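**Student:** coordinates only, sequence not included:
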């Protein structure tokens, strides 16, 4: 039986009164705040399980002031805005810890120095300790997953972790080879969407959804995660470090072909393409204004946002298949929130570019 | 009830006819060869589970021509020299995969270029891919561990992995600070002995030992692993690259305080100590002959070997507590084998030193 839209708390985004992303985020998070606080407390308790000399580094990673998007997904998919039990909290903590471990390793690979307005662990410690601390966090998250009575949670978490890391490897192996859109989507589905899908899947299961509903909610998560990664790739090109609190422009510096670059190369006339590719392959900050001119000329941000909106539409279509018994209104809202964010994104000012690439 | 030594296949090492380490190794491995081949085949099958672009790298790591010491321990502790089932094979493959993953990350940290007579992955690929491939191997090993009906295997493997990586972190954090012997032993128990203990523990359990016997066999493994790491630390200082097939002298280059160095500093008179410490802290290959002179003068290899022999004695004492019902003769032999190896170790020739440190 398909769900009627009548049971949704909010009409679709397009028909609503204008609302700022900040207001919308608060509306989303507020009913789950108790759940998210419990996830944070559970994560905090894990610090004690590390060796005394390592605990402060684990603490630094765990106290990462990120948005806790994945625990939020677990909460929303599991109905934590109404009620929840300790299993759902554990799921949120496990997936967030896996995510934090991947960030620790990502920051080494990207040589990123700032994340969430503070130095990355790899910027403060040597890479040796950072690699190993990431390993410890992975191992501890999987240990936590074994506290469930069945191996289902641990198996799903281990499989998702492998897919996330495989996606990162494929991206790295691609190097400066231009992928097709299909190849690009395959990578981001693995490296980002997989944990979104897992959060939704396990959230729904431990929030008493039937397996069929959990599967649909998982598909929603996969689409949302894909849209989120494209949004993040747009941020790296178009937003400012001040607004996001993390190192930006790193994709350009590493010569990564993200969707904005792929669209630029699709749209640019033949005579521009080789120059764009050549500059991207040997990126230098002095090319920045030049590149932004091309981005604006070919409306790359607008076209990237169209792709994000289309995928978000797909995410909502997955929810329309979920049985009425499992509440999904909050997940619709999250999809709407991301649509609002991509829609309001504006190209960064030249001064930002100069600052961050100096 | 304590086991009588009468049921052991061989009298204790000290009373036996002289035997070469190679002969002894073959005696140990031969009855387990079928089991070890099955472990290799199981590991080989895992290659197919990686993404096509990654499979060849996974294959390279998995085909590592090492001694498969940990699967051997699983086999010997589980009675695979007589009979075994597929669970025991899976345990062997899981623990070997965890070990291979730690080697992949270790080789990055040590900047090692050769292991088992072939280039390390980190010497062939960039470090980014190598970090992530190690992550994939960890995740896959834990995924395999979830194929057991209970979470016991996965929990034990995840916990051991965390301890191994924690040991490596502590060693790295120590940096050029001289640890006490207690601190040194704590690190090697974590980074090396833990997986030996796990191999023995799970091997014994899945070889039908009662929990009490498995606990004693685990203690044997912990002691054996500690002795093995000290032996390995002696190899790094005293053996030749030609004999071991891996990069040596890396501990000295990194300024690591391993047991030979700790013993040297205990034995050297006050006026020599500060010079030794100062040279170790800023290691240069031209100090090599100088250091070896001190090592010989203070009989450091002999004294290190005494420590190894004492710990191997402890390992055998653990087995004497194992109930008669669980066969442990082959484990005695493994302890004896390591004793023979440390006893026959001779300081490398100066020419080896010059070659490997050039």
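**Tutor:** Cool, got the structure. Since the structure is predicted, the reported quantities are computational estimates derived from the model, not experimental observations. Numbers count the residues shown, from 1 in each chain, chains lettered A, B, ... in the order given.
**Student:** from here on, contacts and neighbour counts on C-alpha atoms
**Tutor:** Noted.
**Student:** contacts only, for residue A:105.
**Tutor:** Applying CA atoms under 8 Å, 6 or more residues apart in numbering or on different chains, we find residue A:105 in contact with A:130, A:131, A:134, B:131, B:132.
**Student:** next, it: secondary structure please.
**Tutor:** Secondary structure for residue A:105, judged by DSSP: H, G, I helix; E, B strand; the rest coil, is helix.
**Student:** give me every residue in chain A lying close to chain B.
**Tutor:** Contacts of chain A with chain B, taken as CA under 8 Å from any CA of the partner chain, map to A:50-51, A:53-54, A:105, A:108-109, A:128-129, A:131-133, A:135-137, A:139-140, A:142-143, A:146-152, A:154-155, A:158-159, A:161-163, A:165-166, A:168-170, A:172-173.
**Student:** buried subset of the residues you listed, written for PyMOL?
**Tutor:** Entered in PyMOL, the line below selects the buried ones among the residues of chain A next to chain B, by 16 or more other CA atoms under 10 Å in any protein chain shown:
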select buried, chain A and resi 50+54+105+108+109+128+129+131+132+133+135+136+137+139+140+142+143+146+147+151+152+154+155+158+159+161+162+163+165+166+168+169+170+172+173
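**Student:** does residue A:199 touch residue A:73 like I think?
**Tutor:** Yes. Residue A:199 lies in contact with residue A:73 (CA atoms under 8 Å); the separation is 5.9 Å.
**Student:** compare those two (neighbour count), which wins?
**Tutor:** residue A:199 (32 against 28; other CA atoms under 10 Å in any protein chain shown).
**Student:** tell me the contacts of residue A:84?
**Tutor:** By CA under 8 Å, 6+ apart, the neighbours of residue A:84 are A:35, A:78, A:207.
**Student:** make a markdown table out of the residues you listed and add neighbour count and secondary structure.
**Tutor:** Formatted as a markdown table, the contacts of residue A:84 follow (neighbours: other CA atoms under 10 Å in any protein chain shown; DSSP: H, G, I helix; E, B strand; the rest coil):
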| residue | neighbour count | secondary structure |
| --- | --- | --- |
| A:35 | 27 | helix |
| A:78 | 31 | coil |
| A:207 | 24 | coil |
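**Student:** hmm, which of those residues is lowest in pLDDT?
**Tutor:** Among those, residue A:207 carries the lowest pLDDT, at 93.
**Student:** distance check, it against chain B.
**Tutor:** 22 Å (CA to the nearest CA, to the nearest Å).
**Student:** excluding sequence neighbours, find me the nearest residue to that residue.
**Tutor:** Of all residues not flanking residue A:207 in the chain, residue A:78 sits nearest, at 3.9 Å (CA to CA, 6 or more residues apart in numbering or on different chains).
**Student:** does that neighbour really touch residue A:213, like I thought?
**Tutor:** No. Under the criterion of CA under 8 Å, residue A:78 is not in contact with residue A:213, lying 11.3 Å apart.
**Student:** got any residues that touch both of those two?
**Tutor:** residue A:204.
**Student:** check contacts around residue A:89.
**Tutor:** By CA under 8 Å, 6+ apart, the neighbours of residue A:89 are A:35, A:36, A:38, A:39, A:42.
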